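*Asks:* when you get a sec, could you give me coordinates for this:
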Amino acid sequence: MSEKKFDYFIQGKKAKWEVIIGLEVHAQVLSKSKLFSSSPTKFGAEPNTQVSLVDCAFPGMLPVINQFCIEQSVKTGLGLKAKINLNSIFDRKNYFYADLPQGYQISQYKNPIVGEGEVILDMPYGTKKVRIERLHLEQDAGKSIHDIDPDHSFVDLNRSGIALMEIVSKPDLRSPNEVNAYVKKLRAIMRYLGTCDGNMQEGSLRADVNVSVRKLGEKELGTRCEIKNVNSIKFMQMAIEYEAKRQVELLEDNKQIDQETRLFDTKKNTTRSMRSKEDAHDYRYFPDPDLLPLNLEQSLIDKLKKELPELPDEKKERFIKQHHLSAYEANILVSEKEISVYYEEVIKNCDKKLATNWITGDLFAVLNKKNISISKSPVSAKNLSTLIKMISLGKISGRIAKEVFEIMQLNDEDPETIVESKGLKQQSDPKELEKIILEILSKNKDKVEQYKSGKEKLFGFFVGQVMKISEGKANPQLVNTILKSKLK
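*Replies:* As a prediction, this is how the structure comes out:
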C-alpha cells in the first residue's frame, strides 16, 4: 500500500506506523424531557433539581419511553444515510457506580434503533467516506463531584436519564485532522436536523476515542485502547497524537499493548490507564423487562424523511450550482447552519461574489476576534447586504466601506445613515473628478512627460494625488478611466 494514501503517520525508530481511529460519539438528544421520565433537561440548573423518582431509581418506578427522543434518533439516522431498524430492543447494561442509582444503564446492544450509515468528509486530498456502524439510544448517568470537599464526594443526578445517541464509527479514521473534520461534520448534520445542539462545553457532545497502530502497509488491526469521555475536538486530537506515539514506542521496544480504557489528562497532555477494557459479557446485557421491544411503523419513517431539512452536503451542491461558489467557499458557508442562513439572507439584494468575500473575510475576522458565533454577529445580514450593495452601485469605495464596517460593529447602525452623517459618500461626478485630475496634471507637467516617455508606474502617483485631494472619496474606477483618457 502506498504511503501517499495517508496524510498522517508516526515515524518510529524502526518503521513508519499507521494510526487507526474509531469514535463512539455521545450526542445528547435535543429534547425538553428525559428518555424515560418527564424531568426537564435544562443545562446549568441547581444540583438535583431536575430529578424524578424514575431518575433516582426509587423502588417500583417504571420507565416510560419518550416518543420525541425516538423520532429525533430516527431523524439523525436518516441524516447519516443509515438503515432505520423498525424493531429494536432496550437492554440493561450492568455496572456499579455511585452516580448510576439503578446499578444498570438502559441502553441498546444487539438490536439498535439505527444500523449502518456514512459520513462524507471533505479533506485537502479529496473526499473520504467514514462508515457508521450503528446509532443506539441510551440514558446518561449522573455526575460525581470530587473537588468540592477534601473528605467527601457528591452526586448530581440532573443528567441521570438524559437521552443520548451513541454514534459508533467503523475504524476508518487515520489522523487527528480527519477526526477533527468528522466530529465537525457530524455536529453540523445534527444541528441542521435540530436533534443535538452539539455544545461540547455543556457536555452535550463528547466522545470515546479508540486508537491503535500498525506498521504502514499491514492489514491486521492492532490492539486498541479507548480514551474515555473527551469533550473537545482539540483534546481529541492531542490525545490521539500522544496515545499513538505511546503505542509505537511500546511496540518498537517489543512490549505488549494492553487493551484498556484510558483517560486524557488535559494539564499534562498525556493519557493514563483507567481500567482494563471490558468486553460485552462483563456488562451482563439482557433485555430490560420493564420496556417492551420498540416497533416502529414504516409510515413514521417516511413521514420524518419527508420533513428532513436540506443537509450540509445537499446545500453545498446547491450553493456551487446556484451561487457559482467554489467547493472551498461552499464548504465554509455550509459548515454551520447559522452561517448558511446568514449568507442567503445577505445575497438577496447584493452581489454574491462580493458577499462571499466580505462574509468569509471581514466578518469572520471580527467573529474570531470576539470569539462569537455568527448568530451573535455585531453586524446584521440586512445591514451587511446594504453595505455591499452601496459598493456595487459606486456610492462608496472599498476603502470607505472598511471604515463604515468598523463603525457598524459598534451598534449595527445602518450603513447609509453612517455614510450620510459622516460625509463619506463616494465622489462619482465625472465633471468634478475631471476638474481635479486636470489640476493635478497641470501642477505635475514634469511627471506627465516622464509617464509619456515610459515610466508607467507614475500612474499610481496621479491616482494617489486624486484620492488625497478628494479625501479618499473619489470613485476609483472613474478616476482610472478619466486619468487614462487625459494622459493620452
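*Asks:* what about Val379, how many neighbours?
*Replies:* The local packing of Val379 (other CB atoms under 10 Å) involves 24 other residues. (C-beta placed from N, C-alpha, C; glycine too.)
*Asks:* name the nearest residue to it, sequence neighbours excluded.
*Replies:* Excluding its sequence neighbours, the residue lying closest to Val379 (CB to CB, 6 or more residues apart in numbering) is Met408, at 5.2 Å.
*Asks:* the one you found sits in which helix or strand?
*Replies:* Using DSSP states H and E, Met408 falls within helix 398-411.
*Asks:* mind checking how far that helix is from the chain centre?
*Replies:* Helix 398-411 sits 28 Å away from the centroid of its parent chain (CA atoms, centre = their mean, to the nearest Å).
*Asks:* again with stretch 45-65
*Replies:* A distance of 33 Å separates the centroid of the chain from that of stretch 45-65, by CA atoms, centre = their mean.
*Asks:* how about it: buried residues?
*Replies:* 50-52, 54-56, 61, 63, 65 (16 or more other CB atoms under 10 Å).
*Asks:* pLDDT below threshold where in the stretch 251-400 of the chain?
*Replies:* Nowhere does the stretch 251-400 of the chain drop to pLDDT under 70.
*Asks:* state the mean pLDDT of stretch 91-102.
*Replies:* Mean pLDDT, stretch 91-102: 93.
*Asks:* about what we covered before: may I see the buried residues of the helix or strand following the helix holding Met408?
*Replies:* Using DSSP H and E, the next helix or strand after helix 398-411 towards the C-terminus is helix 415-421. Of all the residues in helix 415-421, those buried under the rule 16+ other CB under 10 Å are 415-416, 418-419.
*Asks:* chain center to the very next helix or strand once past helix 415-421: distance?
*Replies:* Sequence-wise, the next helix or strand downstream of helix 415-421 (DSSP H and E) is helix 430-443. Averaged C-alpha coordinates place helix 430-443 at 53 Å from its chain's average position (CA atoms, centre = their mean).
*Asks:* and what of stretch 259-278?
*Replies:* Stretch 259-278 sits 26 Å away from the centroid of its parent chain (CA atoms, centre = their mean).
*Asks:* ok, back up a step: show me what the helix holding Met408 is packed against.
*Replies:* helix 381-392, helix 415-421 (3 or more CB pairs under 8 Å, 6 or more residues apart in numbering; DSSP states H and E).
*Asks:* the residue most central in space within the chain sits in which helix or strand?
*Replies:* The centroid of the chain falls nearest to Lys184 when counting by CA atoms, centre = their mean (3.7 Å). In this assignment (DSSP H and E), Lys184 forms part of helix 176-193.
*Asks:* what comes up buried for that helix?
*Replies:* Using 16+ other CB under 10 Å as the test for burial, helix 176-193 gives 176-183, 185-193.
*Asks:* tell me where the stretch 51-200 of the chain has strands.
*Replies:* Secondary structure of the stretch 51-200 of the chain by DSSP state E, counting those that start in this stretch: the strands cover 87-88, 91-94, 104-107, 117-123, 126-139, 143-145, 154-156, 163-169.
*Asks:* pLDDT score for Asn411?
*Replies:* Looking at Asn411, its pLDDT is 89.
*Asks:* repeat that for the one 5 residues further on.
*Replies:* Listed pLDDT for Glu416 reads 92.
*Asks:* same check, this time on Ser453
*Replies:* Note for Ser453: predicted pLDDT of 77.
*Asks:* check the gap between it and Lys486 for me.
*Replies:* Distance, Ser453 to Lys486, using CB to CB, to the nearest Å: 17 Å.
*Asks:* so which of these two has more stuff around it?
*Replies:* More crowded of Ser453 and Lys486, by other CB under 10 Å: Lys486, with 14 against 8.
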